[in-house]
Structure formats: C-alpha cells, structure tokens
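Trainee: Have a look; sequence and predicted model below, questions after that.
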Amino acid sequence: MNTLVFCFALLLPIIGMGQSAPLSAPEFNIPKNLKDWKKERVTLRHTLTGLMGNLPSRPSVAVKILSREDKGYCTLEKFEFDNGAGALVPGYMLTPKSGKAPFPAIYYCHCHGNRYESGKEEIFTTRPAPEVPAEVLTKAGYVIMVIDAYCFSERSGKGPGGAQEKGGAEELSASKRELWFGRSLWAMMVRDDLMALDYLFTRPEVDKQRVAVTGMSMGATRSWWLMALDERIKTGVAVACLTRYQDLISEHNLKAHGIYYFVPGILNHFDTEAIISLIAPKPVLFMTGDEDIGSPADGIHKIVAKVRPVYQLYGKSDAFENIIYPKLGHVYTPEMWQKMLQWMNKRL
C-alpha cells in the first residue's frame, strides 16, 4: 500500500463519522394516551436535568436580609444567599402594603439585552416592560421576587476575570469556567433561580398554591425552563424567546443569543418542544412577535403543533395559549403587558 492510499484509509473512519453525524434533533413523538405520556414525561425531565451537567447539589438556602424599606406601595426587602458554588446571589422581595397575606406571588426573571448594569433593577423601570413592574404588580396584590443572574447588576465584575472584566467579556469567561466543570452557564443561572424559588416558598407572606413566573427575552426562557423543571410553579407568562433551536440555526441567527444560552448536547435528544411539553398541564401563555429574529415564527408553529396535543391528553387545551403578533420584533408592548396581567389575575 503506497503512502497516499494508506493515508486515505486512515481518513475513511473520520469521513464516515462526519457523514453519519446527525444533522437534526430526533423527532419528538407524543404518546397516544395519558398513561404512556406520564411515563415518557419522567424520562424527558430526567434527560433535561442530565443535560444541565455536573451541577453542585442545591443546598438549603440560608438567606441574609440586608435591608427593609417602606416604598409606600410595598415593603421592599433586599436579601442575599450563598449559592453553594462560589457566589452570593442578591435579590429583592416586594410585599404589598394593602390586602391580606398570604398573597399570590410572581417570580420575576429579568431580561438580558446586554443591559448588564440593570439585572434585578429592571423591576423599577419601564424597560423592557411598558410599565413599572414593581408598582403595578404589588398594587395588584402580588408578592414579587427577583434576583440578579450571573454577570448582572451587583454580580457584574465578580466573574473569573475579576473586577475589571464586565459585560459580554465577563459572560464569556464565566461560560468557559462552567464548561471546565462539565456544565453550562445557563444551567447555573437556572439553578440560582430554583434556589431563589426554594426561598420564596418558605415565606409566610406567600400563598404556596399561587406562585407564577414571568419575564421577557432571557427572562422568558428562564420562565419556561423553570416551569418545565419545577412542579411548584402554577402558571407563567413568557414574552419573546419561544425559540426552537433548529429553526434558529436554519435562519442563520445563532448570533441573536449570547453564549450563556447554549446547553451542550441538547439537540442530540430533542428540541424546545420537548421542554415546553413538560409544563403541561399547567397553564402557560407565550407572546412573540413574528419578526423577532431570536424566535423564528416557523419554529414557534412547530412547537405549538407538538405541545398542544400534550395538553389535549390532559383535557386542558385552554391552558396552553400562544400568540404570535404580526409585524413585531423583539419587544414588550402595552398590549402584551395587559394580556400578562389578565392572565395572572385569572390563573392566580
């Protein structure tokens, strides 16, 4: 065998591997009856949890209350907890001044938008929501809890690059560090959210049977992942970012999402529709613009086509609602905001 033929023979296994590699996620097929679906659901959630990687176990949350303030329309508490993975997680809890406890509660997930300076402070502004969430939601009778995600607000400058590294650079370094430990930054962010929810459910002011999640953009994705993973959450509203990953690829728009967002290995098993299906039969509302490049509309239609039959197995078709707004991009409109409020008032 001459040298050229020998080298080609060595390459054949590599070429073959490339040709046989999957180009799409396995088809997500819904069982025909509820009994079989419930078995499949257990397997799906186990797989999803495994894809989050080598996460530190969730310790009991020991919370330190840093301050209390009368805001007039609510009592504002600032707190922090140690996430057991080398980070302190700061957050706010807002309790209505009027009405009688226990109150329904909304776990509010802040957005990304490269607004690293904002984080949990988002609830006191009209960006991205068209009204001030802290005021509107507490006046409506809801307890609100919100934390800073990795790299945001008070956690900015506390990543692997030290105090001088902030923003996207810090987020990239934090993602690299977590990959070394066999997990994604996204998984660690969701873990912090679950720990904050653990704390929320200990508070006597909160009606534990009436807890919801909501958010826009990154906050929306956090919301539907949390609903898929945590049975304690009763309902949720996600604005923008109902993204089917394969359609995002086909639209050449991976750039629409930051590095924090990507979970290694997920498309070897399923796409977004499988994660959303785990929310059933809990009521959930999705609202997305059809020109949102981070959430291709074709992908949303595919998600709905798979998820709606799961709700039908439970006889809960009306619990799943998806609205695609024509000629809208990545925005949170007053109409969406009012729809969110109506949904919470009805479901909580």
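Mentor: Yep, that arrived.
Trainee: So residue 149: helix, strand or coil?
Mentor: coil (DSSP: H, G, I helix; E, B strand; the rest coil).
Trainee: Please look at it and residue 155 and confirm they touch.
Mentor: Yes: shown here, residue 149 and residue 155 form a contact pair, counting by CB atoms under 8 Å, at 7.3 Å. (Each C-beta comes from the backbone N, C-alpha and C, glycine too.)
Trainee: what sits in contact with each of the two?
Mentor: Contact criterion CB atoms under 8 Å, 6 or more residues apart in numbering; residues shared by residue 149 and residue 155: residue 119.
Trainee: neighbour-wise, which of the two wins?
Mentor: Taking other CB atoms under 10 Å, residue 149 and residue 155 do not tie; residue 149 has more neighbours (28 against 22).
Trainee: Could you look up the SS state of the residue nearest to that one when sequence neighbours are not counted?
Mentor: Leaving aside its sequence neighbours, residue 149 sits nearest to residue 189 (CB to CB, 6 or more residues apart in numbering; 5.1 Å). For residue 189, the assignment made with three-state DSSP gives helix.
Trainee: same question, residue 64
Mentor: Going by three-state DSSP: residue 64 is strand.
Trainee: Then the one 4 residues further on?
Mentor: Following three-state DSSP, residue 68 is assigned to strand.
Trainee: need the contact list for residue 292.
Mentor: 240-241, 328-330.
Trainee: which non-adjacent residue is nearest the residue nearest the centre of the chain?
Mentor: Nearest to the centroid of the C-alpha atoms of the chain, with distances taken as CA atoms, centre = their mean, sits residue 222, at 1.1 Å. Nearest residue to residue 222 in three dimensions, chain neighbours excluded: residue 109, at 4.0 Å (CB to CB, 6+ apart).
Trainee: thought that neighbour was touching residue 215?
Mentor: Yes: applying CB under 8 Å as the test, residue 109 and residue 215 come out as touching, 3.2 Å apart.
Trainee: any shared contact partners between those two?
Mentor: Common neighbours of residue 109 and residue 215 (CB under 8 Å, 6+ apart) are 222-223.
Trainee: can you count the residues close to the residue nearest to residue 242 when sequence neighbours are not counted?
Mentor: Distances taken as CB to CB, 6+ apart put residue 286 closest to residue 242, at 4.7 Å, once the chain neighbours are dropped. Residues within reach of residue 286, counting by other CB under 10 Å, total 25.
Trainee: How about residue 286: which residues does it bridge to?
Mentor: On the basis of DSSP bridges, residue 286 is bridged to residue 238, residue 322.
Trainee: try residue 76
Mentor: Residue 76 has the following beta-bridge partners by DSSP bridges: residue 69, residue 94.
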